[in-house]
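Undergrad: Test case, fold it:
(chains A and B)
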Amino acid sequence: MWCFRRASGKHLALACLSVCFVASSMSESSNGDKGTIVVVGRRDIEPDQLSAEQVARIYFKQSTSLPAGGPVEPFDLREGSPLYVEFYSRVMGKSPAQVRAYWARQSFSGMGIPPRQFASTAEAIKLVLKTPGAIAYVQKKDLEDGLKVLLDTGK
Amino acid sequence: MHQRQLRFLPFALSALLLGHGVNSYCQTPIGTDEAPSNLRFSGFATIGVVSNSNPDAGVVFSGAQSKPAFKGMSADLDSVLGLQWDYALRPDSSLTIQAVARAGEDLQPSLRMAYLEQRFDTVSARFGRMRTPLFLDTYAEEIGYANPLIRGPIPLYGAAPSQIIHLDGASLQWRMPWALGSVLAEGYYGNGRFKYAWFSPTSVEQANVIVDDITGITVSTVLGNTTLRVARTNLGSYRIDSSNNTELNTGIAALSAGLVRAATGYAAVPAIAQSLVSKARVLDSFYDALHASQQYTGLGFSSNFGQLTVLGDWATWNLNTEMLGKLNAWQLTLTYETNYGTPYVSVSQKNRTTPRGDTSQVTPTGVPGLAQLDAGIAGLRGGLDRLALYTDASMQSFTLGARWELSNNIAIKAQYDLLTTPSPQLTGAFKVRNIPFDNNVTLFSVALDVVF
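TA: The predicted structure follows:
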């Protein structure tokens, strides 16, 4: 008989209590509205709309093609920038640390590397307009001619 | 300061410097006036210190680790530095190289990945050295920052799965979205050469492990917040080349030949002659007692429910020899992310599902005049009995800890582990010089995980 079974039962109970205690004492993180985020592509990109789940799969590179076919390339903003934090929190439900942990797992195991990052929205938009199949996220107020809104997080 | 700590100091300092100075994956954000770099440099490091209170049992994570964490403080169990270079040759092809140095392996750099990848829409092919995905997390277990615990549960991920860490060959990945989520299927084939630290009462031998014809398939799917993964890997041939093994085989061969010669001498007494030949056959059955094909099957999941994450694994090993037998194992881990940190709890267990190597048929002849042969058989029986105990990998673990994010690329973890085997005779994944031993091991660990 394993004496450990009894010990582990006690430890498990203690651990569950600790987790519940910490959980009950924590507060919800605020998710302040910093403006509507839209996911955009070039005007000729298909389809006309993407769901939040589809966008999440594309940004996590679990999907490498658009629902209508053809390759897709997600463009990201610099890690930790306010829009980056807001996008991953609102659309993916992930904190920057969770996103970093996900990409650490993927890239160091040879399963994929993170999307290309840009220093500013303007730079990302400029390259989206030049790249078929590219998508990026921007604030709605920064929309430019030639872009198609694929996902509007404000709706 | 102790010499071992001094040896570790440059490693710790460089990992800290890399973590602080080279944030954001060393990837310069791309500006329109700046051509994107084809070369991407990144890395990971863990600086871990563990305290083991047990004077008998050393703790290792990988079978290759020659410096177990014995009683006292040790930085050898968890500390690791990995550096990776990804070079885009063309938009659809790239070269990846990853080198890893582990403190427990004398910080000797080892190539974990060195492959060429060619992508074709939803399919990609890789050629070269790549990580072997035996179970859910084996391919990412060295990357501390990517994992909730300081180290994967040792009953499940310690020893063999963490030792057969890469293969030299080719793989084909197929990635497809489907109605409810996405699917990634991967098939692979290759060979592997590894080290195994073989502990005996008086020495540690770095044995060579030769694994040929590794074939496998993994399928993983993402369904909302849940990832499911199944993997099946066959090792066509697994062989440990060590002086201990050679000595055992030499002894078996010599005694078996002696029995056959003695049987010839007793040809006039058929009953004795037949008995001696039978005993020779019994000894022959233990020749190459650790060499065979092996099969690993793993089924794992990871589910995220807001702040709560649940990870689970179930796995089986079929090691196809009487000595190594069959095993199954499982682990369950819960983490809960709060504003103050992420506490976690994990339990795991590995059981041998076939009887231990049966040496009851290895008995002296009892024939007058064969006393020297009988003494040899008794000695061999002792060695085989010992081997049977050392190769029973059954064990359990309980882990309680917490993780704190210091920044977007640095996390610190503190962890308590209780590890045990079913009896003081069975060594599990511990490195033990003598049995019986104190088979309850308590570890307190602190680790700093960095990715850059």
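
Undergrad: gap between the helix ranked longest in chain B and the chain center?
TA: Looking only at chain B and at elements set by DSSP state H, the helix with the highest residue count is helix B:243-265. Between the centre of helix B:243-265 and the centre of its chain there are 33 Å (CA atoms, centre = their mean, to the nearest Å).

Undergrad: continuing past it, what's the next helix or strand?
TA: Towards the C-terminus, the helix or strand next in line after helix B:243-265, according to DSSP states H and E, is helix B:270-284.

Undergrad: For chain B, see how far away the residue nearest the centre of chain A is.
TA: Centroid check for chain A by CA atoms, centre = their mean gives residue A:88 as the closest residue, at 3.8 Å. With distances defined as CB to the nearest CB, to the nearest Å, the gap from residue A:88 to chain B amounts to 11 Å. For glycine as for every other residue, the C-beta is placed from the backbone atoms N, C-alpha and C.

Undergrad: okay, that residue: pLDDT?
TA: Listed pLDDT for residue A:88 reads 94.

Undergrad: how about residue A:79, secondary structure?
TA: Going by DSSP: H, G, I helix; E, B strand; the rest coil, the secondary structure assigned to residue A:79 is coil.

Undergrad: That one against residue A:95, yeah?
TA: No - using CB atoms under 8 Å as the test, residue A:79 is too far from residue A:95 to be in contact (11.7 Å).

Undergrad: between the two, who's got more neighbours?
TA: Each of residue A:79 and residue A:95 had its neighbours counted (other CB atoms under 10 Å in any protein chain shown), and the higher figure belongs to residue A:79 (21 against 16).

Undergrad: Now the more buried one. Its backbone dihedrals?
TA: The main-chain torsion angles of residue A:79 are listed as degrees, to the nearest 10 and equal phi -60, psi 130.

Undergrad: do the same with residue B:371
TA: phi -60, psi -40.

Undergrad: what number of residues lie near it?
TA: Counted with other CB under 10 Å, the burial measure for residue B:371 works out to 12 neighbours.

Undergrad: can you list contacts of stretch B:114-124?
TA: The list of residues contacting stretch B:114-124 from outside it, by CB atoms under 8 Å, 6 or more residues apart in numbering or on different chains, reads A:64-65, A:71, A:110, B:89, B:92-98, B:125-130, B:172-176.

Undergrad: In PDB, please show the C-alpha coordinates belonging to it.
TA: C-alpha atoms of stretch B:114-124 as PDB (Å, rounded to 0.1, in the frame of the first residue of the first chain):
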ATOM      1  CA  ALA B 114      18.400  21.800 -37.000                       C
ATOM      2  CA  TYR B 115      15.900  21.400 -39.800                       C
ATOM      3  CA  LEU B 116      14.900  22.800 -43.100                       C
ATOM      4  CA  GLU B 117      11.200  23.500 -43.500                       C
ATOM      5  CA  GLN B 118       9.300  23.800 -46.800                       C
ATOM      6  CA  ARG B 119       5.700  25.000 -46.600                       C
ATOM      7  CA  PHE B 120       3.100  24.300 -49.200                       C
ATOM      8  CA  ASP B 121      -0.200  26.000 -48.300                       C
ATOM      9  CA  THR B 122      -1.700  23.700 -45.500                       C
ATOM     10  CA  VAL B 123       1.200  21.200 -45.600                       C
ATOM     11  CA  SER B 124       4.800  21.600 -44.500                       C
END
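
Undergrad: List the buried residues in that stretch.
TA: Counting neighbours by 16 or more other CB atoms under 10 Å in any protein chain shown, one finds that the buried residues in stretch B:114-124 are B:114-115, B:117, B:119, B:124.

Undergrad: Then stretch B:251-263?
TA: Taking 16+ other CB under 10 Å as the basis for neighbour counts, the residues of stretch B:251-263 that come out buried are B:251-252, B:255-256, B:258-260, B:262-263.

Undergrad: how much space between residue B:122 and residue B:184?
TA: As judged by CB to CB, to the nearest Å, residue B:122 and residue B:184 stand 10 Å apart.

Undergrad: who touches both of those two?
TA: Taking CB under 8 Å, 6+ apart as the contact criterion, the residues that touch both residue B:122 and residue B:184 are B:174-175.
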